[in-house]
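**Q** My questions concern the predicted model and sequence given below.
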Amino acid sequence: MTRAPIFFRVDGTRQQGWESFWRCLVFAAALQRRRRPTYFLSQLDPPELVNNIRRVGNEWLEADALAGTPDDLEQIIQEIRRLSPAAVIVDSPHVTREYLEALQSTGVLVVTLDHHAALDFPSRLVINPLLGPSKEAYSFAPGAQALLGRRYALVRPEIRRLRPLRAQEPAQPFRALVALGDDDPHGQSLAMVRHLMSCHKIRRVDVAVRYHHPELPTLRALAEANKDRLEIAVEAPELAARIVRCHFAITAGNSWSLELACVGVPQLIVVQNEAHWPTAQRLEEEGAATCLGWHETVSAQTIRQAVVDLLADDQERQAMSRCGRMLIDARGPDRMVTALEVMLHPSRAVQTLARAA
């Protein structure tokens, strides 16, 4: 690859969470399909996450400080001068306007991935790959471009390939999938598995977690004791096989919810993060899911009753599947890369200089 690289500034730690890190990997994979080299400047915990970066051809640089701090700003500016990237993509809720302005002063195109809308963004390109907040909640600099909403949902290639395979609901007996996302901040996966295993209508339960999930050893022990009822999916190929066979999923209103909607999996959503409320509500409004509420207020009885009602209504599941597939078309990563390439085209620089003059 001889084109100028793209630089990602994102952390993935137990304190910061991993949602931003994993979605940046999806974006990087789409960039590599356009022959753009990619660099990650990141703090990672566990350290094995480095393998996920390098395995697919990305380069990793260890960050000395958390994103948004003065020490981090000094380091990233040094790396910008050394590598001369075409753009810097920042995905962290902890950066400030001054931090982004300092990056822009280097002359590089600054792109912000954000789903909080808590900042007055000076970035030239702002991307929200979830279903909310709306454009009205954001504050942009003059001339900035905003990519917001369902058309820019980040769907992994291995999930996108499942759309034709799950054009129809799989045969019974019923299978359920617990997929609470890259982060499970309140440790709900194990509890959800136990709720579903107590439902006699469900023959098998699959649970999808990342290999750094703190409850993974406990889940594996439970699966070992219930080999005929419970299976665990950690790697992407394992998850793909479970998605094709499941009849519904319990999710949390995050990017995994959008991926399952894209494939056509009916969902019951238990929200664990305030920032995911807009996505959960939009999925319910569009008919792709039922939002059960905030995780602290959703009881085991509420979950079991919602499961029973959903499994008893074939038409409701079919409608959810159809609405989800219509809402998310899996082309979000390609649209994001195209928008970035347009912003990087030399003609855009000429236009910017003309406006400044």
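**A** Happy to help now that I have it. Numbers count the residues shown, from 1 in each chain.

**Q** what's the neighbour count on residue 300?
**A** Neighbours of residue 300 under the rule other Cβ atoms under 10 Å: 12. Glycine gets a C-beta too; all of them are placed from N, C-alpha and C.

**Q** Can you tell me the SS state at the nearest residue to it once chain neighbours are set aside?
**A** Closest residue to residue 300 apart from its sequence neighbours, by Cβ to Cβ, 6 or more residues apart in numbering: residue 195 at 5.2 Å. Under DSSP: H, G, I helix; E, B strand; the rest coil, the three-state class of residue 195 is helix.

**Q** How about residue 170?
**A** coil.

**Q** pretty sure it is touching residue 245, no?
**A** Yes: using Cβ atoms under 8 Å, residue 170 is in contact with residue 245, at 5.1 Å.

**Q** how close does the nearest residue to residue 248 once chain neighbours are set aside get to residue 166?
**A** Nearest residue to residue 248 in three dimensions, chain neighbours excluded: residue 266, at 4.4 Å (Cβ to Cβ, 6+ apart). Residue 266 sits 11 Å away from residue 166, going by Cβ to Cβ, to the nearest Å.

**Q** For stretch 182-201, list the C-alpha coordinates in PDB.
**A** Provided in PDB are the C-alpha atoms of stretch 182-201 (Å, rounded to 0.1, in the frame of the first residue of the first chain):
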ATOM      1  CA  ASP A 182     -18.400  -5.400  23.200                       C
ATOM      2  CA  ASP A 183     -18.900  -4.000  26.700                       C
ATOM      3  CA  ASP A 184     -21.100  -5.600  29.400                       C
ATOM      4  CA  PRO A 185     -20.500  -3.000  32.000                       C
ATOM      5  CA  HIS A 186     -22.900  -4.400  34.500                       C
ATOM      6  CA  GLY A 187     -22.200  -8.100  34.000                       C
ATOM      7  CA  GLN A 188     -25.600  -9.000  32.700                       C
ATOM      8  CA  SER A 189     -24.700 -11.800  30.300                       C
ATOM      9  CA  LEU A 190     -24.600 -14.500  32.900                       C
ATOM     10  CA  ALA A 191     -27.900 -13.400  34.500                       C
ATOM     11  CA  MET A 192     -29.600 -13.300  31.100                       C
ATOM     12  CA  VAL A 193     -28.400 -16.800  30.200                       C
ATOM     13  CA  ARG A 194     -29.900 -18.100  33.400                       C
ATOM     14  CA  HIS A 195     -33.200 -16.400  32.800                       C
ATOM     15  CA  LEU A 196     -33.400 -17.900  29.300                       C
ATOM     16  CA  MET A 197     -32.400 -21.400  30.500                       C
ATOM     17  CA  SER A 198     -35.300 -21.400  32.900                       C
ATOM     18  CA  CYS A 199     -37.700 -20.900  30.000                       C
ATOM     19  CA  HIS A 200     -39.000 -24.300  28.900                       C
ATOM     20  CA  LYS A 201     -39.800 -23.100  25.400                       C
END
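
**Q** Pull the contacting residues for residue 216.
**A** 209, 232, 234 (Cβ atoms under 8 Å, 6 or more residues apart in numbering).

**Q** Could you measure from the last one over to residue 212?
**A** Here the criterion is Cβ to Cβ. By it, residue 234 lies 10 Å from residue 212.

**Q** Distance of the residue nearest to residue 300 relative to residue 298?
**A** Taken as Cβ to Cβ, the span from residue 195 to residue 298 is 10 Å.

**Q** between the two, who's got more neighbours?
**A** residue 195 (23 against 20).

**Q** ok, that one - contacts?
**A** Residue 195 makes contacts with 300, 303, 304, 307, as judged by Cβ under 8 Å, 6+ apart.

**Q** in this protein, which spans are helices?
**A** 19-33, 49-54, 70-83, 97-104, 157-160, 189-197, 216-225, 236-245, 255-263, 277-285, 300-312, 314-327, 332-344, 346-356 (DSSP state H).

**Q** What's the mean pLDDT across the fifth one?
**A** Average pLDDT, helix 157-160: 94.

**Q** How about the first one?
**A** Averaging pLDDT along helix 19-33 yields 96.

**Q** so what secondary structure elements neighbour that helix?
**A** Under the contact definition 3 or more Cβ pairs under 8 Å, 6 or more residues apart in numbering; DSSP states H and E, helix 19-33 sits against strand 6-9, strand 38-42, helix 49-54, strand 109-113, helix 255-263, helix 332-344.

**Q** next one: it to chain centre, how far?
**A** Offset of helix 19-33 from its chain centre (Cα atoms, centre = their mean, to the nearest Å): 9 Å.

**Q** Extract the C-alpha trace of it and format it as PDB.
**A** Extracted C-alpha coordinates of helix 19-33, given in PDB (Å, rounded to 0.1, in the frame of the first residue of the first chain):
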ATOM      1  CA  GLU A  19     -16.900  -0.500  22.200                       C
ATOM      2  CA  SER A  20     -14.900   2.300  20.500                       C
ATOM      3  CA  PHE A  21     -11.900   0.100  19.900                       C
ATOM      4  CA  TRP A  22     -13.900  -2.700  18.200                       C
ATOM      5  CA  ARG A  23     -15.800  -0.300  15.900                       C
ATOM      6  CA  CYS A  24     -12.600   1.400  14.900                       C
ATOM      7  CA  LEU A  25     -11.300  -2.000  13.800                       C
ATOM      8  CA  VAL A  26     -14.400  -2.400  11.600                       C
ATOM      9  CA  PHE A  27     -13.700   1.100  10.000                       C
ATOM     10  CA  ALA A  28     -10.100   0.200   9.500                       C
ATOM     11  CA  ALA A  29     -11.000  -3.000   7.700                       C
ATOM     12  CA  ALA A  30     -13.100  -1.000   5.300                       C
ATOM     13  CA  LEU A  31     -10.200   1.400   4.700                       C
ATOM     14  CA  GLN A  32      -7.900  -1.400   3.900                       C
ATOM     15  CA  ARG A  33     -10.200  -2.600   1.200                       C
END
